[in-house]
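*Asks:* A predicted structure for the sequence below; I have some questions about it.
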Amino acid sequence: MCAAKVIDGKKFAEGLRGRIATAIAGLKSDHDLEPGLAVVLVGEDPASQVYVRNKAKQTVEVGMKSVEHKLDASTSEADLLAVVEQLNNDPTIHGILVQLPLPDHIDENKVINSINPDKDVDGFHVINTGRLATGQDSLVPCTPVGSVMLAKDALGSLSGLEAVVIGRSNIVGKPVAQLLLQENCTVTIAHSRTKDLPGVVGRADLVIAAVGRAEMVKGDWLKPGACVIDVGINRIERDGKNRIVGDCDYEDCAKTAGSITPVPGGVGPMTIACLLHNTVHAACAIKGVPVPEM
Ligand code: NAD
């Protein structure tokens, strides 16, 4: 039985995209500003192709300019850097996203750090991670922003809450922990070497799981009433069918949690919505106009 409130990320993301579309219509009419997002994909990774297709579709739907660069898997690092440089210098482009992972012969950090930080809508450039860590205005990675938006929607103020983030990646775990600190949570980052993970998780009013291990977090780990934000996307086979599950055992956790995101339909849909949100922020900052309410 599911006692927990289900946090509907799909619905929240739809609402956010609607507000972004309204904001863009205002920017076009009031400031002659059409935000533009460029996505660069190297190679034919099927999951990346799906993400890039969805990004382009949703970018156009909210009224933004969308540009895609699809490069062959054998593209050299120098040629990729040249594409990024061209986009850095393109005044109609305000957001640049290089889809990860990149082929092994390309240095990911070098490419990410070649993006103009003001156009780095993924928020992975070292300047943006530094700004985030020091509490300065920055472009913040999309999945962490979306995760915290959902937690605030479920809990209201997060101030003073015990938050446990499971996972310490640069893409999710670390930036989500920084955002929770900004929200005045008491933050613990747990990871693969954490001793007694269930005991650590049991302290949390808010659990954010970003591990990549199917259904690892169990209901009896949780403090009763905890809010669970499940970032994990894991493909498994069950009953002869391919399924996508999170890092939390949803049925089990929903018995103890106060609120929980499903997978799919929780954090996943928030990522692209937050990418569009970041692109509007970047466009306004570059053009020097106020960021509209979204
Ligand atoms: P990652 O592999 O870079 O990092 C995983 C982290 O989990 C590591 O820091 C590791 O220390 C920790 N970890 C591994 N095993 C553990 C264990 N047994 N106990 C505790 N911690 C453990 O992964 P990532 O890029 O941060 O992604 C995490 C998950 O989130 C993946 O399932 C990924 O698919 C998903 N994800 C979803 C979105 C989205 O919703 N749009 C975006 C990014 C990532």
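*Replies:* Now that the structure is in, tell me what you want to look at.

*Asks:* so where's the stretch 151-294 of the chain shaky on pLDDT?
*Replies:* The model of the stretch 151-294 of the chain has no residue with pLDDT under 70.

*Asks:* Secondary structure element holding Ile96?
*Replies:* Secondary structure assignment for Ile96, by DSSP states H and E: strand 95-98.

*Asks:* what's the answer for Leu102, then?
*Replies:* Counting by DSSP H and E, Leu102 is part of no helix or strand.

*Asks:* burial of it, as a residue count?
*Replies:* Around Leu102 there are 23 other residues, counting by other C-beta atoms under 10 Å. Backbone N, C-alpha and C define where each C-beta goes, glycine included.

*Asks:* for it, what are its contacts?
*Replies:* By C-beta atoms under 8 Å, 6 or more residues apart in numbering, the contact set of Leu102 is 42-43, 80, 108, 111.

*Asks:* What is the nearest of those residues to Ala190?
*Replies:* Proximity of these to Ala190 (C-beta to C-beta) peaks at Glu108, which lies at 25.1 Å.

*Asks:* quick one: the closest residue to that closest one other than its chain neighbours and Asn109, what's the gap?
*Replies:* Spatially, and ignoring its direct neighbours in sequence, Glu108 is nearest to Leu102 (5.2 Å; C-beta to C-beta, 6 or more residues apart in numbering). Leu102 is 10 Å from Asn109, where distance means C-beta to C-beta, to the nearest Å.

*Asks:* for Gly288, same thing?
*Replies:* Relative to Asn109, and taking C-beta to C-beta, Gly288 is found at 30 Å.

*Asks:* same thing with Val231?
*Replies:* 22 Å.

*Asks:* phi, psi of the closest residue to Arg168 other than its chain neighbours?
*Replies:* Leaving aside its sequence neighbours, Arg168 sits nearest to His191 (C-beta to C-beta, 6+ apart; 4.5 Å). When quoted as degrees, to the nearest 10, the phi and psi of His191 stand at phi -160, psi -170.

*Asks:* now swap in Ala151 and tell me
*Replies:* phi -60, psi -40.

*Asks:* Might one say that it is in contact with Ser157?
*Replies:* No: between Ala151 and Ser157 there is no contact, the gap being 10.5 Å when judged by C-beta atoms under 8 Å.

*Asks:* Give me the more crowded residue out of the two.
*Replies:* When neighbours are counted by other C-beta under 10 Å, Ala151 and Ser157 differ, and Ala151 comes out ahead with 28 against 9.

*Asks:* near the ligand, which residues of this protein show up?
*Replies:* 143, 166-169, 171-173, 190-192, 194, 197, 210-213, 231-234, 267-268, 271 (C-beta under 6 Å from any ligand atom).

*Asks:* contacting residues for the residue nearest to the spatial centre of the chain?
*Replies:* Central residue of the chain (C-alpha atoms, centre = their mean): Thr143, 1.3 Å from the mean position. Residues counted as contacts of Thr143 (C-beta under 8 Å, 6+ apart) are 171-172, 176, 210, 231, 267, 270-271, 274.

*Asks:* Is it in a helix, a strand, or coil?
*Replies:* Following DSSP: H, G, I helix; E, B strand; the rest coil, we place Thr143 in the helix state.

*Asks:* Show me which helix runs longest in the chain.
*Replies:* helix 9-31 (DSSP state H).

*Asks:* Good, we can wrap up now.
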